[in-house]
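Chemist: Take this sequence and fold it.
(one chain, ligands or ions: 1)
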Amino acid sequence: MDRPSSKVLPPAAADRDRPIGVFDSGVGGLSILRALRSELPDEDFVYFSDAGHAPYGEKGDEFVCDRSLAIAVDLLEQHRIKALVIACNTATAAAVHLLRAQHTNLPVVGVEPALKPAAALTKTGHAAVLATRGTLSSAKFGALRESLRGQAEFVLVPCDGLAAAIEADDQPLVRELCRRYTREACCFGSGPGEIDTLVLGCTHYPFAAEVFRELLGPEIQLVETGEPVARQTRRLLEAQELLNPAGGGRVEFRTSGNAEALAGAARRWLGLGLEPA
Ligand code: DGL
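Modeler: Numbering: from 1, shown residues only. Predicted coordinates for the structure are as follows:
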């Protein structure tokens, strides 16, 4: 008997029209959303800030995994997202493998501290990595560092409290902590053995970039992950024919914390005058 001929149908327009889910423990993921919107201006996004449970960095893997899995389910059920961007290094390190295993049909993009770009950029061969305690102690980060053995020396500085200070927009505390942690990394400069590259290994830290620049001077390179993550998201959507050619570029905000604070951060950092959902 002839087998029925089958043909691969393109994804329904409705699939392409669905939003991309983006989440973080708080406002830090807005630094990733900023890059996503610039790379994918026609896409719609729903941004979830888990500020009611932040910060993640000092809470341990089990907690972060539980929150990440619950948020993914919520974004799928409430918003029918077509892809998920984990805009948080800590949540990626703890939960990306679980999210991919639980949602095999959902493209999932994670973020990791930009060690590879830093190894390529540093001229002195020395870079500092500022990140949460959770990220730096994770097996995933250990493997990443190991894969670059011999290519650069990395000084690791867990920055307890810094994401929370940025989340609260407490500028004096942000300044004090940036000073404390860059001193701890010691010693920045372009001479032999000095650190000439600073990896901002938490998505909150790009919002303190001006403070770091002021403290370290213009010759120190700051490296973040927004643009590569946005390009990777485009590649994944393209490969699955899920790019939205004519969406509205809308962003919907959801939070388990203070909606006004999230709307204020979105206005301040992304120029988005959106009403909190
Ligand atoms: N923004 C997050 C990250 O990239 C986590 C900050 C936190 O909640 O501690 O790791």
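
Chemist: isn't V155 right next to V129, touching?
Modeler: Yes: contact criterion Cβ atoms under 8 Å: V155 and V129 qualify, at 7.0 Å. Just so you know, the C-beta spots here come from the backbone N, C-alpha and C atoms, and that holds for glycine as well.

Chemist: neighbour-wise, which of those two wins?
Modeler: V129 (26 against 16; other Cβ atoms under 10 Å).

Chemist: And that one, how far from E39?
Modeler: V129 is 24 Å from E39, where distance means Cβ to Cβ, to the nearest Å.

Chemist: now do S49
Modeler: Counting by Cβ to Cβ, the gap from S49 to E39 is 21 Å.

Chemist: Between those two, which is the more surrounded one?
Modeler: Taking neighbours as other Cβ under 10 Å, S49 and E39 compare with S49 leading, 31 against 17.

Chemist: can you tell me which residues contact the more buried one?
Modeler: F23, D24, S25, G26, V27, G29, F253, R254, T255, S256, G257, L262 (Cβ atoms under 8 Å, 6 or more residues apart in numbering).

Chemist: before we move on, what about A139?
Modeler: By Cβ under 8 Å, 6+ apart, A139 lies in contact with A93.

Chemist: Just the ones of the contacts of S49 in strands?
Modeler: F23, D24, F253, R254, T255 (DSSP state E).

Chemist: what about the fourth one, how many residues close to it?
Modeler: Okay, so that is R254. Count around R254 with other Cβ under 10 Å applied: 20.

Chemist: Hmm, it is touching V46, no?
Modeler: Yes: in this structure, R254 is within contact of V46 by Cβ under 8 Å, at 6.5 Å.

Chemist: returning to what we had before: could you pick out which of the ones in strands among the contacts of S49 are near the ligand?
Modeler: D24 (Cβ under 6 Å from any ligand atom).

Chemist: distance between the ends of stretch 51-70?
Modeler: Taking Cα to Cα, to the nearest Å, the first and last residues of stretch 51-70 lie 14 Å apart.

Chemist: If you count neighbours, what's buried in it?
Modeler: By neighbour count with 16 or more other Cβ atoms under 10 Å, stretch 51-70 contains the buried residues A51, H53, A54, P55, Y56, G57, K59, D61, V64, C65, R67, S68.

Chemist: Identify the residues contacting the third one.
Modeler: So the one you mean is A54. So A54 contacts S25, G26, A163, A164, E167, G257 (Cβ under 8 Å, 6+ apart).

Chemist: which of these tops the neighbour count?
Modeler: For those, neighbours tallied by other Cβ under 10 Å; top is S25, 33 neighbours.

Chemist: Show the contacting residues for that one.
Modeler: 49-51, 53-57, 67, 88, 90-91, 163, 167 are the contacts of S25 under Cβ under 8 Å, 6+ apart.

Chemist: Of those residues, which ones also sit close to the ligand?
Modeler: Counting by Cβ under 6 Å from any ligand atom, the members of the contacts of S25 near the ligand are A54, P55, Y56, G57, C88, T90, A163.

Chemist: The fifth one: neighbour count?
Modeler: Which is C88. If you count neighbours by other Cβ under 10 Å, C88 ends up with 34.

Chemist: Contact partners for the closest residue to it other than its chain neighbours?
Modeler: In space, and not counting its chain neighbours, C88 is closest to D24: 4.3 Å by Cβ to Cβ, 6 or more residues apart in numbering. Contact analysis of D24 by Cβ under 8 Å, 6+ apart lists L30, I32, F48, S49, D50, A87, C88, A91, T203.

Chemist: State the distance from the first one to G57.
Modeler: Between L30 and G57 the distance, using Cβ to Cβ, works out to 17 Å.

Chemist: of all the ones in strands among the contacts of S49, which comes closest to the ligand?
Modeler: Of all those, the ligand sits closest to D24, with 5.0 Å by Cβ to the nearest ligand atom.

Chemist: Pull up the gap between that closest one and P245, please.
Modeler: 28 Å.

Chemist: what pLDDT does E210 get?
Modeler: With respect to pLDDT, E210 scores 97.
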